[in-house]
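Student: Sharing a sequence plus its predicted fold:
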Amino acid sequence: MRIRLNVNGNAIELESATDRTLADVLREELGLIGVRVSCSEGECGSCTILVDGQPMTSCMMLVNQGEGKEILTIEGLGTPEDLHPIQQAFIEEQGFQCAFCTPGFILSAKAFLEENPNPTEDEVAFAMSGNICRCGAYPYIVRSVLNAAEKLQAGSSN
Amino acid sequence: MQSHFEYLRPSSTKEAVQMKIEFGQRAKYWAGGTDMTLRWRREIDRFSHCIDITYLTGLDNIEVEEDCIRIGALVSLSALERADQRHHLLKTLSDVTKLMCTPQTRTLATVGGNLSNASPAADLTPPFIAMDALAEITTEDGIRTVPMDQFFEGVNRTVVGDDLLSAIEIPLPESQHKVVKYHRIDRTIVDIALVNASTSLSADRSRTITRAGVALGAVAPIVIRSPAAERFLEGKSIDSVSESELEKVGEIASEDAKPISDVRASADYRRAMIKVMTARCIKDCIDELGGTIS
Amino acid sequence: MYKEFEFKSNDLAKAVPGVYGDVQDQVNGMKVVGHGFPVKDAVEKVTGSLKYAVDMTVQNMVHGKILRCPHAHARITKIDTSKAEALAGVIGVLTHHDVPQNDWEAAWFNYRGKVLDGVGRFVGDDLAAVAAVSEEVAQRAIELIDVEYEILAAVFDFEEARSPDAPQIRVEGNERDPYIVEWGDTSEGMALADHTVECDIFYHSQQYASIGRNAAIAEWMGDKVTLWTSSQTPTETRDGIHEALGIPLSKIRVMALPAGSSFGQWWSNNFMMIAVLLAKKVRRPVKIELDNEECMSAVKRRHLEKTRGLMGCTADGQLTVAKIDHLIDNGGYGFKDDVGFFCVDMWGKALHGHYAIHGINTNLLTAGCMRGVGDCTLGASVERMCNQLAEKVDMDPVEFRIKNQIKPGDELRMQHSRDNMHHDSVEEYLAAIPEEYRDEWPKPFHLLSGSTEEILRRGAKSFRWAERWNGWGKPSSVDGPRHRAVGVGTGAHVCGVEFEGNASAMVRLNPDGSLKVHCSVGRQGQGSETTQAQVAAEEMGLSLSMVEVETGDTDSCPWSHGSLASNTMFRVGWATREATRDAKRQLLEIAARDMFDNSDPADLAITDGQVHIKGSMSDSVSISEVLNMIRSDTLGQTSSITGRPAVPMPPSTTFARHFGAQFVEVEVDVDTGKIVLLDYLACQDSGTVINPQVLKNQVIGGAICGAGFAIYEHLVFDKETGAIKNANLLDYKLLRAADFPHKAEVLFGDSYDPVGPFGARGAGEAPIAASISAISQAVYNAIGVWVDLPMTPERLIRALGKV
Ligand SMILES: Cc1cc2nc3c(=O)[nH]c(=O)nc-3n(C[C@H](O)[C@H](O)[C@H](O)COP(=O)(O)OP(=O)(O)OC[C@H]3O[C@@H](n4cnc5c(N)ncnc54)[C@H](O)[C@@H]3O)c2cc1C
């Protein structure tokens, strides 16, 4: 079936079987390896993407369910030369170790901070619990998101 | 091998039901897909047609009326979570959704899917049963309504058949104050309830409990009521329930539980926890009603 | 015979008084070491562009899938692959008939044996493999392989497996000689004891539960093979292929890629060998990608373990005896038996001791070394018994530890003669140390530096232990069913081992003054590519941006154990520094002769890439100027300089340990059994901290992995088949951000190691052991009952006698 997707601001048309997950298509057809797939059952959150701004586990979406929606993967967030403030904050606080989970955490954080620009630590910890970091960087992930909140606040008041 | 399927996208509720009737057992509705993906991947469900109902309109609203709250089947858990300011019963349901899934699966998962999946451990079922909610089911030629406590037939089986669950209605009885509370036992912050319980109390102006709902999850193939516990509470004043009576209701409820042992917990533990959680739920309800535990 | 070790050429040793110094003193004057630089691959990590093995593809590759054993123990009597081969899209099938019957072992104790030998030893074991144009076709073909099995008797209980009548899983027998550590005479120790306590504790199995899965891609070019995979042990994986296929090491290239959280799971694994053999058979590059269920049920796990034993102490709290039998279940293929002896060393001030460790095979998923192996289990048993003794003599747990735990200069108990040391006795071992190193190497079998004492004291102060601790088995506060209490635990581990060979590294100083380090380590998130670069940059006098590290290509990286046994910073870091020192020596010789008037190279130094006379920056020349001078007699060197360690590293097992001491506050709901962690302080003694950001993350990560094991994590094995029933993250519970105190802090000890690079030692494994014991003790203090691990809500309620 021909499927039309809007990924990271690009309109894309591709041929795909319909019984595939959006995560598989983003990775395998579009080469967006930042969409990490680990548990494939919605638990680990590594495959988190933003769909119309909302965080979703793309391993649980059918490719057709991406149609007509704005899809954002980590590849669409910042570039090495121009990192997004959340990415910058994760580097500063070292909110990762192996980083397999990191794109998912960063996109979860983005959606969360858009709704809660000024969160408490507990709110951040709760909101970041949809992703698993097996390395256990959690305290630094929480600090990364708080740091990012400050950066975004400063950015928006400029 | 997980099954290969064809993707169908109905444009109306009616068309969805027609498609389901056409393919019967071979078709599955796909709402948020958070249960379906797992059932598909683990090869629990085999099907040749997937009916994606997420593009249907009109099923994703929450309406708060004088005499009832109506929650569309396609309301996502995150939308329910955000409805906390709209009604005090929705506040409790919002708190329940916060325990469910993960933020990224709550955006996908739907209320209707949670109920239709008919897991005995589902979080939304006990509060809906406790509140005497009704399932609104769309059929090929109309609508039928079923009380939530008659909605389930067994694990992953409901009375919906080839029809479609379109909404859940929570009746708000006149001149009574109705509250609902929920407790569950889980391990980490994201978990399926090992066992759960919900109670709803309605009190009139004389502070008498006119209606009690006690629903217990993960202690039988379907979420069950404890009629004895409900009767024990009905007719009491919200200011007269004592600590020992709380314990007593807990005990009554735990006698109604018929749990099994599995990977997650043993039957004995589940029964013991029903006692603790029922008592905690009732205490929370009485607190919200402004009563006091004597 | 051996005098105390003095580090001759380390100018820092002089700046640091005694063994202890202040972290600030250590990093004073250091430009790169001791600073919390972001890790080198940080940008790739946050932009999602870092490639793990699952992301790798090579041109023309096909996909492999593995046929897994449906039985606990079975021999293939007939295998018919014709239907599978006939399926459109199938390229070829590999069975045990195609596999050389060589044993491969590579990373010791996670022994595999033959890649495939026609016997399945647990449900999920590898039996055959298919290569096809897609994963799906390969999977369908797997289902078309007809196999007839002879079902063999199976045994799942490791105590039953010890019986001579039990089904034998391996030709070597289910149980081999125990590993024994003993000193003194335990009956004397018993006689001296005023109090004794006993234990009989069973430990469930933790799963690595790595996020990130793994894949292996093998490609042959003629008779040479390249393997891309995520591995912590690049050179050992190459050795494994060499053993399994019997081909020369020079024909094997392993390109180890970054791994998701690994904890020992991705060393060298059998599926990698299968990929190599399958690719050879079908003459196409083959990728085998494991799904999450395979990762959790068919690769490895932590051992099931059991401690039985007793410990005793005098009325004033001096440990007099430890007499312990510890069983570990190795599953189908492992043969580890030496777990946990670092906790034995840590508590080695006990006057008399006897520890016997028995490794046993069963028909369960094979077990392997997982982070803190043994120290998480045997260590937890010893800590519990010590806590019980401390309670009997009414001593504070911090004081009891300080009194009974090892200090620098004390003897290490782990002296048992063993194959790994290649000598029959300690005496023989000592006698075999080369003459020229006797005076230089640290005193063998004695702790050289570091201890728990300083971190316990400073940690207790910072955690306000004295105020918060309310006595043994007494909560610090009670609010309805909610009891709060604090606990402290300690852990130790080696800093790498030399059992299989010495660590090496190579550096290349390029003509532009940049430096490349080649060392065989893993990139599973522990930041070694950065910390090794920091060591090299500091030694060479370069900025960090001028140094890059190649960790995974075995064609350029010399041998090391890789990243295991907390080896990387201490042993590989040592090699990296020595290699850099060697390159620097060569550079300064050229510079001294040709640019500084034949002056003494010892008078030269390098700062920020500039060679200069010590103490003066005038007349400095850049490294690239030195290297770009063309002169006939040094042409070979002037293009680039290669450095390698000029001396062997002292055998670190005989003197180096790292330590953790952790403090925790918990709240226990005594009606539901649920434990909440409220506050956390993790103290770590790893010598000099090369990169505080990286080490903090390691320490807290260890604490969280330990906390998971303490309260939730355990595999559930089917009683009938031994199959794993919770090989998924829905029912194998991992902690998440809100499950661990996000205000957790880390405190570093001030010790300095005279051998380690710039004073550093190992790091990764003490923290996980310490956290398990700290949480166990805190829960005991909250409820007055010891609960076996994992302390799930249900097990806690049972321990309280409420169900
Ligand atoms: C990581 C994770 C965590 C979870 N945690 C929880 C938890 O804490 N508590 C909990 O209760 N559940 C949990 N779940 C299960 C699941 O998310 C919920 O049950 C969810 O509400 C299901 O909704 P859905 O829209 O995704 O259903 P789907 O997966 O789309 O459908 C579920 C079933 O219902 C049927 N169906 C869906 N909609 C309708 C309809 N309108 N009419 C008739 N049939 C219909 C489908 O055919 C299918 O059989 C979790 C799942 C995951 C992946």
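Tutor: Right, received. Where do you want to start?
Student: the strands in the stretch 651-800 of chain C, which residues?
Tutor: Per DSSP state E, counting those that start in this stretch, the stretch 651-800 of chain C carries strands over the ranges C:657-669, C:675-685, C:745-748.
Student: Pairing partners for the first one, with directions?
Tutor: So the one you mean is strand C:657-669. Applying DSSP bridges to the sheet, strand C:657-669 is found paired with strand C:482-494 (antiparallel), strand C:675-685 (antiparallel).
Student: Of those, which is nearest the ligand?
Tutor: strand C:675-685 (18.3 Å; CB to the nearest ligand atom). (C-beta placed from N, C-alpha, C; glycine too.)
Student: to the chain's geometric centre, what's the distance from the closest one?
Tutor: Remark: strand C:675-685 is offset 21 Å from the chain centroid, using CA atoms, centre = their mean, to the nearest Å.
Student: pLDDT below threshold where in chain B?
Tutor: By pLDDT under 70, chain B contains no weakly predicted segment.
Student: what domains does the record give for chain A?
Tutor: Split into domains by automatic domain parsing, chain A comes to A:2-76, A:85-156.
Student: what's the most buried one of those?
Tutor: Per-residue neighbour counts averaged over each of the domains of chain A give the maximum for domain A:85-156, namely a mean of 23 (mean count of other CB atoms under 10 Å in any protein chain shown).
Student: Check whether that domain comes near chain B.
Tutor: Yes. Against chain B, domain A:85-156 shows contacts by CB under 8 Å from any CB of the partner chain at A:Gly104, A:Ser108, A:Ala111, A:Phe112, A:Phe126, A:Ala127, A:Ser129, A:Gly130, A:Asn131.
Student: ok, now how distant is the fifth one from C:Glu175?
Tutor: Spelled out, that is A:Phe126. Going from A:Phe126 to C:Glu175 by CB to CB, to the nearest Å gives 48 Å.
Student: got a list of what the residue in the stretch 601-750 of chain C that the ligand sits nearest to touches?
Tutor: Of the residues in the stretch 601-750 of chain C, the one nearest the ligand is C:Leu730, at a distance of 6.8 Å by CB to the nearest ligand atom. If you count contacts by CB atoms under 8 Å, 6 or more residues apart in numbering or on different chains, C:Leu730 has them with A:Glu41, A:Glu43, B:Leu38, B:Ile192.
Student: Would you mind listing the residues in contact with the nearest residue to C:Leu509 once chain neighbours are set aside?
Tutor: Across the structure, with CB to CB, 6 or more residues apart in numbering or on different chains as the measure, the residue nearest C:Leu509 apart from its sequence neighbours is C:Ile641 (4.3 Å). Applying CB under 8 Å, 6+ apart, we find C:Ile641 in contact with C:Arg508, C:Leu509, C:Ala583, C:Gln586, C:Leu587, C:Leu627.
Student: any idea how far B:Ile185 lies from C:His195?
Tutor: Summarising the geometry, the distance separating B:Ile185 from C:His195, computed by CB to CB, is 38 Å.
Student: So for these two, which sits in the more crowded spot?
Tutor: Between B:Ile185 and C:His195, B:Ile185 has the larger neighbour count (other CB atoms under 10 Å in any protein chain shown), namely 27 against 17.
Student: if I pick the closest residue to that one other than its chain neighbours, what's in contact with it?
Tutor: Excluding its sequence neighbours, the residue lying closest to B:Ile185 (CB to CB, 6+ apart) is B:Leu194, at 4.6 Å. Applying CB under 8 Å, 6+ apart to B:Leu194 gives the contacts B:121, B:184-187, B:218, B:264-265, B:269-270, B:273, C:793-794.
Student: Now tabulate those residues in CSV and tack on secondary structure and distance to C:Ile606.
Tutor: CSV is the format used below for the contacts of B:Leu194 (DSSP: H, G, I helix; E, B strand; the rest coil; distance: CB to CB, whole Å):
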residue, secondary structure, distance to C:Ile606
B:Ala121, coil, 65
B:Arg184, strand, 63
B:Ile185, strand, 63
B:Asp186, coil, 58
B:Arg187, coil, 55
B:Ala218, coil, 68
B:Arg264, coil, 61
B:Ala265, coil, 64
B:Tyr269, helix, 66
B:Arg270, helix, 69
B:Met273, helix, 67
C:Pro793, helix, 59
C:Glu794, helix, 62
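Student: sorry, back to before: for C:Thr362, see how far away the residue nearest to C:Leu509 is.
Tutor: Separation of C:Ile641 from C:Thr362 (CB to CB) stands at 53 Å.
Student: returning to what we had before: and the contacts of C:Ile641, which is closest to the ligand?
Tutor: Proximity of the contacts of C:Ile641 to the ligand was ranked by CB to the nearest ligand atom; the top entry is C:Arg508 with 47.9 Å.
Student: I'd say the closest one and C:Ala536 touch.
Tutor: No. C:Arg508 lies out of contact with C:Ala536 (CB atoms under 8 Å); the separation is 10.7 Å.
Student: Look at those two and report which has more neighbours.
Tutor: Each of C:Arg508 and C:Ala536 has its neighbours counted (other CB under 10 Å); C:Ala536 has more, 33 against 17.
Student: Just confirm that one is within a helix.
Tutor: Yes. With DSSP: H, G, I helix; E, B strand; the rest coil as the criterion, C:Ala536 is part of a helix.
Student: State the distance from it to A:Ile74.
Tutor: Here C:Ala536 is placed at a distance of 31 Å from A:Ile74 (CB to CB).
Student: Please apply the same query to A:Thr21.
Tutor: Distance, A:Thr21 to A:Ile74, using CB to CB: 17 Å.
Student: Up against chain A, what does the stretch 151-300 of chain C have?
Tutor: Taking CB under 8 Å from any CB as the contact definition, the stretch 151-300 of chain C meets chain A at C:Ala209, C:Ser210, C:Ile211, C:Gly212, C:Arg213, C:Pro258, C:Ala259, C:Gly260, C:Ser261, C:Ser262, C:Asp291, C:Asn292.
Student: which intervals of chain A have sub-threshold pLDDT?
Tutor: Applying pLDDT under 70 to chain A picks out residues A:158.
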